[in-house]
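Peer 1: have a look; sequence and predicted model below, questions after that.
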Amino acid sequence: MSIKTVAIVGCGIGRSHIVEGYLPHPDKFRVAAICDLNEERLKAVGDEFGIEKRTTSFTELLGDDEIDIIDICTPPGIHREQVVAALAAGKHVVCEKPLTGSLAAVDEIVEAEKSAKGALMPIFQYRYGDGIQKAKSIIDAGIAGKFYMGAVETFWLRKPEYYAVPWRGKWATELGGVLVTHALHLHDMLFHLAGPAARVFGRVATRVNNIEVEDCASVSLQMQNGAFVSLSCTLGSQQQISRLRLHFENVTFESNHDPYAPGKGPWQIIAANDEVQARIDAAVGDWRPVAPRFNTQMARFHDYLSGHGPLPVTSADARRALELVTAIYQSSDSGADIALPIGRDSPKYADWRAKTR
């Protein structure tokens, strides 16, 4: 099994990638370089983990033949250009969410992938952990049955000091608010378990902080399978909670409430009767623990690169999550119910900030 060399670009959330995603797998990855414009942070992270190669130049990493993977953890406003450049340089690419800031930009990245030697894996680490993976196993086995209804809540707290970081809270650099930066995780978890949405009605507002982007949202979904789901998001909750509660014909699932690791166990898995419980016990009786967040996502990425499994998160997954964001913004602007999929004819396809007429 080959060890892949990694360059981390952006040492903020990039430090979490190192701690949770790469250090637990020394047989799979070696962080060979770090890049950050903040030289104090560059030195601190480099010293902490003994990483010798440190640079403020993203371009320098692209030309380094010793680097297999470019892991992009920079502010969202520059993701698209960095992903496209890294793919053009022949690198594998990991990119933090949001992958980019419009469906047009996602589709540009998808086109770049088609001729790239390397693979692109967007980050959706909340998919991983014992709780969500057990739920998915039960659903995929056909035990849960028809999906009836669900509720997804992203109730977090962000105060003015959070927005003291210059790129946060601005359309040009953060690309959006609670829907793009915070709730995107939970909404991807919903799609991962229950499939895509068909229709979207939503409202967004800025009520908590003095920022450009939204910090509250209320959304109603009709899923392709006919189920109804409500999405509620705020950055003004005094108790931080991330919660999914999904009601199926035979099982109700409720995630743990950890705001930053809702995929980990235990989840409530409530069977309709003893017969269903017996089927669940048989399906997960020899269950092997699934480590949460970056730990499992990075391990499965290495499996894919080694030819031993599927790509754990794809650009299509990222597009589906950002299509939901686009539909919510369009619905909020127009007051209309929006049908998916969204194509090039949408007023929001190229720019979420474009007004809907």
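Peer 2: Happy to help now that I have it.

Peer 1: only C-alpha atoms from now on, for both contacts and neighbour counts.
Peer 2: Fine.

Peer 1: now do the strands in the stretch 151-300 of the chain.
Peer 2: 197-205, 216-223, 228-234, 236-248, 251-254, 268-271 (DSSP state E, counting those that start in this stretch).

Peer 1: would you mark the buried spots in the first one?
Peer 2: I take that to be strand 197-205. Buried residues in strand 197-205, counted by 16 or more other Cα atoms under 10 Å: Ala197, Ala198, Arg199, Val200, Phe201, Gly202, Arg203, Val204.

Peer 1: let me know the closest of these to Pro292.
Peer 2: For those, the residue nearest Pro292 by Cα to Cα is Ala197; the value is 25.7 Å.

Peer 1: related to what we said a few turns ago, out of the strands of the stretch 151-300 of the chain, nearest to Ile328?
Peer 2: Closest among the strands of the stretch 151-300 of the chain, once you apply Cα to Cα, is strand 197-205, at 5.0 Å.

Peer 1: run through who's touching that closest one.
Peer 2: With Cα atoms under 8 Å, 6 or more residues apart in numbering as the test, strand 197-205 has contacts from 191, 214-224, 324, 327-329, 331-332, 335-341.

Peer 1: could you rerun that using 6 Å?
Peer 2: The contact list for strand 197-205 (Cα atoms under 6 Å, 6 or more residues apart in numbering) reads 214, 216-224, 328, 331-332, 337-340.

Peer 1: just the buried members of those residues?
Peer 2: Using 16+ other Cα under 10 Å, the buried ones in the contacts of strand 197-205 are 214, 216-223, 328, 331-332, 337-338, 340.

Peer 1: out of those residues, which one sits closest to Val290?
Peer 2: Met223 (27.8 Å).

Peer 1: break the chain into its domains for me.
Peer 2: 4-125+298-312, 126-290 (automatic domain parsing).

Peer 1: CSV for the ones you listed, including distance to Trp352?
Peer 2: Conversion of the domains of the chain to CSV gives the following (distance: least, Cα to Cα, whole Å):
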stretch, distance to Trp352
domain 4-125+298-312, 6
domain 126-290, 8
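
Peer 1: need the ones you listed in TSV with mean pLDDT and distance to Asp351, can you?
Peer 2: Compiled in TSV, those are given as follows (pLDDT from 0 to 100; distance: least, Cα to Cα, whole Å):
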stretch	mean pLDDT	distance to Asp351
domain 4-125+298-312	98	6
domain 126-290	97	10
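
Peer 1: quick one: which of those domains is nearest Ala350?
Peer 2: domain 4-125+298-312 (5.0 Å).

Peer 1: could you list the residues in contact with stretch 111-131?
Peer 2: Outside stretch 111-131, the residues touching it (Cα under 6 Å, 6+ apart) are 87, 90-97, 189, 263-267, 289-294, 313-314.

Peer 1: span of it from start to end?
Peer 2: 35 Å (Cα to Cα, to the nearest Å).

Peer 1: how long is stretch 93-104 end to end?
Peer 2: Across stretch 93-104, first to last residue, Cα to Cα, it's 19 Å.

Peer 1: no wait, stretch 245-252
Peer 2: End to end - Cα to Cα - stretch 245-252 spans 7 Å.

Peer 1: buried ones in that stretch?
Peer 2: In stretch 245-252, counting by 16+ other Cα under 10 Å, buried: Arg245, Leu246, His247, Phe248, Asn250, Val251, Thr252.

Peer 1: show residues contacting it.
Peer 2: With Cα under 6 Å, 6+ apart, stretch 245-252 has contacts from 144-151, 253-254, 269-272.

Peer 1: JSON lines for those residues, including distance to Cys35 and neighbour count?
Peer 2: Output for those, formatted as JSON lines (distance: Cα to Cα, whole Å; neighbours: other Cα atoms under 10 Å):
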{"residue": "Ala144", "distance to Cys35": "45", "neighbour count": "24"}
{"residue": "Gly145", "distance to Cys35": "48", "neighbour count": "15"}
{"residue": "Lys146", "distance to Cys35": "47", "neighbour count": "17"}
{"residue": "Phe147", "distance to Cys35": "45", "neighbour count": "21"}
{"residue": "Tyr148", "distance to Cys35": "47", "neighbour count": "16"}
{"residue": "Met149", "distance to Cys35": "44", "neighbour count": "19"}
{"residue": "Gly150", "distance to Cys35": "41", "neighbour count": "21"}
{"residue": "Ala151", "distance to Cys35": "40", "neighbour count": "18"}
{"residue": "Phe253", "distance to Cys35": "41", "neighbour count": "20"}
{"residue": "Glu254", "distance to Cys35": "39", "neighbour count": "23"}
{"residue": "Ile269", "distance to Cys35": "43", "neighbour count": "18"}
{"residue": "Ile270", "distance to Cys35": "46", "neighbour count": "16"}
{"residue": "Ala271", "distance to Cys35": "49", "neighbour count": "20"}
{"residue": "Ala272", "distance to Cys35": "52", "neighbour count": "14"}
